[in-house]
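J.: build me a model:
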Amino acid sequence: MTFLNRIISACTTYPQRNAFCIQSKYYTYSDLVSIISSIQKELEENCNNEQKIGIVVNDSIETYASILVILLSGRTYIPIAPDYPIERIGQIIQQSNIKIILSELSYNIYPGIKSINTAKVQTKAGKSEINVRQFQLDERDAYILFTSGSTGVPKGVPLSYYNLNSFVAAFFALGYDLNENS
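T.: As a prediction, the model looks like this:
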C-alpha cells in the first residue's frame, strides 16, 4: 500500500476520527477531506497545469491539506517558511520557477506570483471528495526542500515520490503501529 493509499483509506474508513490536533483544536478526517476538496477545486481552476507549487508553511490544517493536495495530484510542492527574509523567498521562487503559491495570507506579498488563499477557499460549499490523479510513484519530485547551502544561497534538494513512499514503507517495516487510535 502506498503512502497516498494509506491517507485515502484513513479518510474514507474513519471520517469521524481525529486526523490532526493543531494548537489544541481537533480536526477529523472528514474536516480534512472537506478542506482538501476545496483547495483542490481552487487549484484546478487556477493552476494552468503548473507542476511546481509553493506552499507557505504554518502549523495549520490548511498547510497540511495543501501538502496533501499537491501530493495527491502528482505535482511538486516547495515549502516556504513565512519568516524567511523576502530576498531568500525570492531566490527560492526564481530557482523553482514557481508561478502559484498556496498561502493563508489574505494578500499577496510575492509580486508576479499567483497566490491562492487557502484559509478562504475552505469555506466554499459543495460535495467534499478527494480527487486522486492516477500516477506512478516514480522519480518525479514530490517536494523540493531548500537549504542555505555552503554559500548561503538557497539550494533545492528534491525528494521523489518513490523515495517518499520508500521512507514510509521502511517506517512501518520497523514495526511501528500507527492506526485510527494514534
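J.: please report how far Cys21 lies from Gly112.
T.: Remark: distance between Cys21 and Gly112 (Cβ to Cβ, to the nearest Å) = 37 Å. Where you see a C-beta, it was placed from the backbone N, CA and C, and this is true even at glycine.
J.: just the strands in the protein please.
T.: With DSSP state E, the ranges of strands along the chain come out as 18-22, 25-28, 52-56, 76-80, 100-103, 114-117, 141-147, 155-160.
J.: need the residue closest to the centroid of this protein.
T.: Residue closest to the average C-alpha location in the chain (Cα atoms, centre = their mean): Ile67, at 0.7 Å.
J.: scan this structure for its longest helix.
T.: Ordering each helix of the chain by length in residues (DSSP state H) puts helix 29-46 first.
J.: and it, which residues are buried?
T.: With burial defined by 16 or more other Cβ atoms under 10 Å, the residues of helix 29-46 counted as buried are 29-43.
J.: what about Tyr107, distance to Leu72?
T.: In terms of Cβ to Cβ, Tyr107 sits 27 Å off from Leu72.
J.: mind checking which of the two has more residues around it?
T.: Between Tyr107 and Leu72, counted using other Cβ atoms under 10 Å, the more crowded position is Leu72 (18 against 7).
J.: now do the contacts for the more buried one.
T.: Leu4, Ile7, Ile8, Ile36, Gln40, Ile130, Asn131, Val132, Arg133 (Cβ atoms under 8 Å, 6 or more residues apart in numbering).
J.: same question, Lys120
T.: So Lys120 contacts Ser106 (Cβ under 8 Å, 6+ apart).
J.: so the closest residue to Asn108 other than its chain neighbours bridges to which residues?
T.: On the basis of Cβ to Cβ, 6 or more residues apart in numbering, the spatially nearest residue to Asn108 that is not a chain neighbour turns out to be Ser115, at 4.0 Å. Per DSSP bridges, the residues bridged to Ser115 are Ile101.
J.: pretty sure Ser115 contacts Ser106?
T.: No: look at Ser115 against Ser106 with Cβ atoms under 8 Å: they stay out of range, at 9.5 Å.
J.: more neighbours: which of these two?
T.: Remark: of Ser115 and Ser106, Ser115 carries more neighbours, 18 against 9, as counted by other Cβ under 10 Å.
J.: can you redo the strands of the chain as TSV with mean pLDDT and distance to Gly175?
T.: Output for the strands of the chain, formatted as TSV (pLDDT from 0 to 100; distance: least, Cβ to Cβ, whole Å):
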stretch	mean pLDDT	distance to Gly175
strand 18-22	94	23
strand 25-28	96	28
strand 52-56	96	32
strand 76-80	96	29
strand 100-103	94	35
strand 114-117	91	40
strand 141-147	94	25
strand 155-160	94	24
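J.: fine by me, we can end here.
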